[in-house]
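Engineer: Okay, here's the prediction I keep looking at, along with the sequence it came from:
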Amino acid sequence: MRRRFVLAVLALCAGLLLSACALGDGVRQWGSQWLGSSAEPAAVGKRIYFAAIGADGRPIRYQGGPIGGGMMSGRLACAACHGPDGRGGQHVMHMQTMDAPDIRWSTLSSGAHGEHGAGEGEAMAYDFEAFKMAVTMGVSPEGRGLAGDMPRWQMSDADLEALIEFLKTLR
């Protein structure tokens, strides 16, 4: 009886896996349905923030980040670490404690983000170029390396600008 149950569960998992593979670019469709398909920069930025899907509808690639990639799917997105409101905070992912900074644009652009290793008042304000360096190269405006938990995203300037537009909407 137990063996039949295990085999049934394995068959179900195999079926789900085959269905997911058959979808191919289904991730693009899922992202559009869940987050909307608007080409408005803030809407594209929201899709990037929550699903790591760029303006072209394709998943955005990255290197590094938390051990093991994303939550259960093996994919990361900004919200996985920085939270749905962008305020960050300390949490555990893959049995590793992480301290994600507040990345709302109002905080980043004011210099009040207090990144890892920076005390109050020491952090410099972000602009587009500093944000690009942080997101793609893992380097703070002060020239320090960000925590190893921060993935190095392979994003276009247009996607980075859209992400900033979304971060500006977070309060």
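Structural biologist: Structure received.
Engineer: what's the neighbour count on the spatially closest residue to residue 148 that is not a sequence neighbour?
Structural biologist: Leaving aside its chain neighbours, residue 148 sits nearest to residue 64 (6.6 Å; criterion: C-beta to C-beta, 6 or more residues apart in numbering). For the C-beta atoms, the positions are set from N, CA and C on the backbone; glycine is no exception. Residue 64: 14 surrounding residues under other C-beta atoms under 10 Å.
Engineer: Same question for residue 168.
Structural biologist: 16.
Engineer: same check, this time on residue 129
Structural biologist: Count around residue 129 with other C-beta under 10 Å applied: 10.
Engineer: From residue 160, how far out is it?
Structural biologist: 10 Å (C-beta to C-beta, to the nearest Å).
Engineer: Phi and psi next, for residue 100.
Structural biologist: Residue 100 has phi and psi values of phi -90, psi 130 when expressed as degrees, to the nearest 10.
Engineer: Equivalent analysis for residue 87, please.
Structural biologist: Residue torsions, per degrees, to the nearest 10, at residue 87 are phi -80, psi -10.
Engineer: so what's it up against?
Structural biologist: Contact partners of residue 87, counting by C-beta atoms under 8 Å, 6 or more residues apart in numbering, are 102, 104.
Engineer: now swap in the one 5 residues further on and tell me
Structural biologist: If you count contacts by C-beta under 8 Å, 6+ apart, residue 92 has them with residue 98.
Engineer: Just give the strands next to the host helix or strand of it in its sheet, each with its orientation.
Structural biologist: Assigned by DSSP states H and E, residue 92 falls within strand 89-93. Within its sheet, strand 89-93 is paired with strand 96-100 (antiparallel), according to DSSP bridges.
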